[in-house]
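Student: Task: produce atomic coordinates for the following.
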Amino acid sequence: MASIADQLSNLLGSAFESHGLSRELGRVSPSKKNPELAPFQCNGAMPAAKQAGKPPREIAQSIVDAIADSELLASVEIAGPGFINLTPAPAMYQNRARELAGDARSGVARVDEPQKVMIDFGGPNVAKPMHVGHLRSSVLGDSLQRIFRFLGHEVVSDIHLGDWGLQMGHLITELKEEQPDLVYFDAEVTEGYPSEPPVDIEDLARLYPQASSKAKSDEARLELSREATAELQAGRAGYRALLRHFINVSIAALKQDFGNLGVHFDLWKGESDVDPLIPAMVQDFKDRGVAEESDGAWVVRVAREGDKKELAPLILVTRGGAALYGTTDLATILDRKQAEAPDLTLYVVDLGQSDHFEQVFRAADKAGLAADGALEHVKFGTVNGPDGKRLRTRDGGTFRLADLIGSAITRAGERLDEAGLAKDGDADEKAATARMVGLAAIKFADLQNYRTTNYIFDLDRFTSFEGKTGPYLLYAAVRVKSLMRKAEAEGVTAGDILVHADEERDLVLALDAFGAAVDQAAENRAPNALCDHVFTLAQAFSKFYAACPVLIAEDEQTQASRLALAQTTLTQLELCLDLLGLEAPERM
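Tutor: Prediction:
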């Protein structure tokens with residue numbers, strides 16, 4: 001099921017090929033500057049002129065002459081230095097609309113060669129509350145896993161918990177200070193520990209900052225945490241039992257936080273899960289010469305000839321024998337290779353970790369853990385406050401994600417009241433609608449930006465029902481749902497689609513662009529392409545709805561046709577929203 005743009009590209013590609021030129025020169029795309037003159041254009045004559053040694057307009061004219069009689073075209077013209085403007089024949093709009101109406105996937109085919117894709121995102125630390133920095137990785141990673149699954153790839157997502165470092169030593173030592181008689185601190189006891197944890201999530205949220213604060217001003221206190229961390233990593237039984245409690249308590253809380261955000265993972269693994277793999281991996285690196293000794297430490301040199309900036313070696317094992325983040329990341333790659341064998345692994349992590357991942361990926365390539373290009377850093381920018389700096393609370397502290405979500409839901413409820421929406425339902429329905437609107441507001445605001453772009457967090461703008469916002473899109477979907485309910489109540493059914501009005505044609509063109517938007521979002525690992533598409537679609541439907549009455553159309557045939565167009569729009573709107581991790585209520 002080819003889009004109109006693809007059908008025209010095939011037509012022009014054949015014309016270029018018949019003149020001894022590359023088919024790729026016939027690529028057709030939607031007109032951006034003057035779509036009112038022609039919906040599509042081809043710019044292949046300019047590069048073709050260089051290949052053929054002829055003026056671009058001469059090349060363009062030869063292509064136009066070759067396709068002028070095609071039944072796919074209503075008109076074709078040359079503009080400027082050699083742009084080819086194309087207007088499809090009316091039958092193309094109609095046929096394409098009928099195809100889309102009969103397809104639950106709205107014209108998007110599954111890939112011919114599906115891959116197994118691992119997506120690493122989330123990355124919260126055990127015992128630390130999620131903050132605004134986790135918003136982007138969460139909503140971006142979730143949207144990407146939805147898009148790749150929709151295209152037919154096998155996707156495995158992993159939260160990759162931070163549970164193997166100094167913060168664990170801080171927790172252990174602070175808990176020991178408060179409850180020194182716990183059995184976990186008796187070195188003589190090596191088994192039979194309680195199944196119930198000695199702490200809850202509130203305890204962990206209190207203990208860690210207490211210990212961290214003390215360690216910053218007291219070197220001896222810091223050393224205690226370091227010693228506890230070393231004993232934990234060396235396998236001390238009581239500390240390992242505490243670690244498992246800390247992880248289980250944290251995961252239970254994180255599942256609730258991520259659930260509130262509508263984000264889910266297939267795997268809930270952390271750095272500690274790959275610790276058993278590290279000794280053998282390090283020895284293997286040494287034996288094969290992948291790692292070399294440097295000032296008592298073992299490192300993997302990752303610099304390459306031609307590098308524009310110096311890239312430091314990856315430290316595999318410190319002088320003191322400790323493994324660092326790079327070591328656990330390499331062990332995680334090894335673990336995934338053995339357990340999942342992914343074709344591609346995407347790391348959805350902020351821009352600040354770019355050098356780290358470059359080191360890890362090069363080390364993995366050097367060690368043969370993953371082919372060059374099989375590991376990819378999907379980097380993203382920051383969420384900033386009005387001052388252009390990272391979003392903070394009024395007292396300069398870290399903005400907790402739960403508070404951010406709560407604020408969005410509260411403001412969404414206020415917006416619904418201001419607009420006189422969701423007033424017919426009961427309290428539970430109104431609360432559910434406010435939650436959907438609030439989540440749509442902050443998720444869409446994040447995803448509509450290209451991922452490496454920083455953006456200003458503006459809750460009033462994000463929760464507006466006007467403009468390019470999540471609430472606007474939800475309202476657009478609700479409007480179509482309302483229309484479909486009215487049609488059902490009046491006994492009106494959808495029928496064969498006929499495209500006559502300009503607004504009907506423009507809506508079909510908007511619907512037809514869905515596949516290209518999904519492909520672009522997947523290729524660039526950037527859902528903003530899908531955000532742009534769904535907003536354009538919502539606008540096109542709004543214009544269609546205003547200009548082309550549905551239930552009071554002049555005749556039954558037109559009525560049935562327009563209702564079918566509305567139903568097709570709703571199907572695609574809901575697909576788009578789902579791929580972005582959004583959900584529309586049944587009514588407002």
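Student: For the spatially closest residue to residue 130 that is not a sequence neighbour, list the residues it contacts.
Tutor: Leaving aside its chain neighbours, residue 130 sits nearest to residue 401 (4.1 Å; criterion: C-beta to C-beta, 6 or more residues apart in numbering). (Each C-beta comes from the backbone N, C-alpha and C, glycine too.) For residue 401, the contact set (C-beta atoms under 8 Å, 6 or more residues apart in numbering) comprises 129-132, 134-135, 257, 261.
Student: and the least confident of those residues?
Tutor: Here the lowest pLDDT out of those sits on residue 129, with 79.
Student: Quick check: that one is in a strand.
Tutor: No - if the criterion is DSSP: H, G, I helix; E, B strand; the rest coil, then residue 129 is coil and not within a strand.
Student: Burial check on it, number of neighbours?
Tutor: 21 (other C-beta atoms under 10 Å).
Student: Please name the nearest non-neighbouring residue to it.
Tutor: Residue 129 sits nearest to residue 400 (C-beta to C-beta, 6+ apart), 5.3 Å away.
Student: hang on, the earlier thing: residue 565 versus the residue nearest to residue 130, what's the distance?
Tutor: 40 Å (C-beta to C-beta, to the nearest Å).
Student: To what extent is the residue nearest to residue 129 buried, counted in neighbours?
Tutor: Neighbours of residue 400 (other C-beta under 10 Å): 17.
Student: dump the residue contacts of it.
Tutor: Shown in contact with residue 400 (C-beta under 8 Å, 6+ apart): 129-132.
Student: Spatially nearest residue to the residue nearest to the spatial centre of the chain (excluding sequence neighbours)?
Tutor: Nearest residue to the geometric centre of the chain (C-alpha atoms, centre = their mean): residue 140, 2.7 Å. In space, and not counting its chain neighbours, residue 140 is closest to residue 348: 5.5 Å by C-beta to C-beta, 6+ apart.
Student: just checking, that neighbour is part of a strand?
Tutor: Yes - secondary structure of residue 348 (three-state DSSP): part of a strand.
Student: For the stretch 251-400 of the chain, which segments are assigned as strands?
Tutor: Along the stretch 251-400 of the chain, counting by DSSP state E, counting those that start in this stretch, strands occupy 292-294, 297-300, 314-317, 344-350, 375-380, 383-384.
Student: Please produce a markdown table containing those, extended by mean neighbour count.
Tutor: Output for those, formatted as a markdown table (neighbours: other C-beta atoms under 10 Å):
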| stretch | mean neighbour count |
| --- | --- |
| strand 292-294 | 12 |
| strand 297-300 | 20 |
| strand 314-317 | 23 |
| strand 344-350 | 22 |
| strand 375-380 | 20 |
| strand 383-384 | 19 |
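Student: TSV for those, including mean pLDDT?
Tutor: Formatted as TSV, these follow (pLDDT from 0 to 100):
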stretch	mean pLDDT
strand 292-294	96
strand 297-300	97
strand 314-317	95
strand 344-350	97
strand 375-380	98
strand 383-384	92
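Student: what's the offset of stretch 321-338 from the middle of its chain?
Tutor: Centroid displacement of stretch 321-338 relative to its chain, using C-alpha atoms, centre = their mean, to the nearest Å, is 25 Å.
Student: scratch that, stretch 22-38
Tutor: On C-alpha atoms, centre = their mean, the centre of stretch 22-38 falls 28 Å from that of its chain.
Student: hang on, the earlier thing: in TSV: the strands of the stretch 251-400 of the chain, plus distance to residue 579.
Tutor: Listed next are the strands of the stretch 251-400 of the chain as TSV, based on distance: least, C-beta to C-beta, whole Å:
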stretch	distance to residue 579
strand 292-294	46
strand 297-300	38
strand 314-317	36
strand 344-350	16
strand 375-380	16
strand 383-384	22
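Student: what's the closest of those to residue 202?
Tutor: In terms of C-beta to C-beta, the element of the strands of the stretch 251-400 of the chain nearest to residue 202 is strand 383-384, at 26.0 Å.
Student: and the closest one, what does it pack onto?
Tutor: If you count contacts as 3 or more C-beta pairs under 8 Å, 6 or more residues apart in numbering; DSSP states H and E, strand 383-384 packs onto helix 133-150, strand 455-456.
Student: which one of the ones you listed has the most crowded surroundings?
Tutor: helix 133-150 (a mean of 23; mean count of other C-beta atoms under 10 Å).
Student: Going C-terminal from it, what's the next secondary structure element?
Tutor: Downstream of helix 133-150, the first helix or strand assigned by DSSP states H and E is strand 154-158.
Student: buried residues in the very next helix or strand once past that following strand?
Tutor: For strand 154-158, the succeeding helix or strand toward the C-terminus, using DSSP H and E, is helix 166-178. The neighbour-count check on helix 166-178 (16 or more other C-beta atoms under 10 Å) flags 167-176 as buried.
Student: Return the member of these nearest to residue 510.
Tutor: The closest of the buried residues of helix 166-178, once distances to residue 510 are taken by C-beta to C-beta, is residue 167, at 49.1 Å.
Student: Pairing partners for the residue nearest to residue 129 in the sheet, please.
Tutor: residue 131 (DSSP bridges).
Student: What confidence value was assigned to it?
Tutor: pLDDT recorded at residue 400 is 84.
Student: Relative to residue 4, how far out is it?
Tutor: Applying C-beta to C-beta, the value for residue 400 to residue 4 is 47 Å.
Student: Show which residue of the protein lies farthest from the average position.
Tutor: Distance from the C-alpha centroid of the chain peaks at residue 188, with 48.6 Å (C-alpha atoms, centre = their mean).
Student: how does this structure divide up, domain by domain?
Tutor: The chain is divided into the following domains under automatic domain parsing: 4-88, 165-265.
Student: gap between the last one and the chain center?
Tutor: Spelled out, that is domain 165-265. Per C-alpha atoms, centre = their mean, the displacement of domain 165-265 from the mean C-alpha position of its chain is 32 Å.
Student: go on, stretch 538-545?
Tutor: 27 Å.
Student: Buried residues, that stretch. List them.
Tutor: 538-541, 544-545.
Student: Give me the subset of those lying in helices.
Tutor: In helices, judged by DSSP state H, the following of those are found: 538-541, 544-545.
Student: which residues sit in contact with residue 277?
Tutor: Neighbours of residue 277 in contact, by C-beta under 8 Å, 6+ apart: 331, 334-335.
Student: Same check on residue 186?
Tutor: Under the criterion of C-beta under 8 Å, 6+ apart, the neighbours of residue 186 are residue 238.
Student: quick one: it from residue 177, how far?
Tutor: Residue 186 is 16 Å from residue 177, by C-beta to C-beta.
Student: Extract the CA atoms of stretch 415-434 and return them as CSV.
Tutor: Output of stretch 415-434 as CSV, limited to C-alpha atoms (Å, rounded to 0.1, in the frame of the first residue of the first chain):
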residue,chain,number,x,y,z
ARG,A,415,-8.0,24.3,32.5
LEU,A,416,-10.9,21.9,32.0
ASP,A,417,-13.0,24.0,34.4
GLU,A,418,-12.0,27.2,32.7
ALA,A,419,-13.0,25.8,29.3
GLY,A,420,-16.2,24.3,30.6
LEU,A,421,-15.1,20.8,29.7
ALA,A,422,-15.5,17.4,31.4
LYS,A,423,-18.4,18.8,33.4
ASP,A,424,-20.9,16.1,32.7
GLY,A,425,-19.0,13.2,34.2
ASP,A,426,-18.7,12.2,37.9
ALA,A,427,-15.7,13.1,40.1
ASP,A,428,-13.8,9.9,39.1
GLU,A,429,-14.3,10.5,35.4
LYS,A,430,-13.2,14.1,35.7
ALA,A,431,-10.1,13.1,37.7
ALA,A,432,-9.2,10.5,35.0
THR,A,433,-9.7,13.1,32.3
ALA,A,434,-7.5,15.6,34.1
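Student: Please report how far residue 362 lies from residue 473.
Tutor: Between residue 362 and residue 473 the computed distance is 41 Å (C-beta to C-beta).
Student: More neighbours: those two, which one.
Tutor: residue 473 (24 against 20).
Student: Quick check: pLDDT value at the more buried one.
Tutor: For residue 473, pLDDT reads 98.
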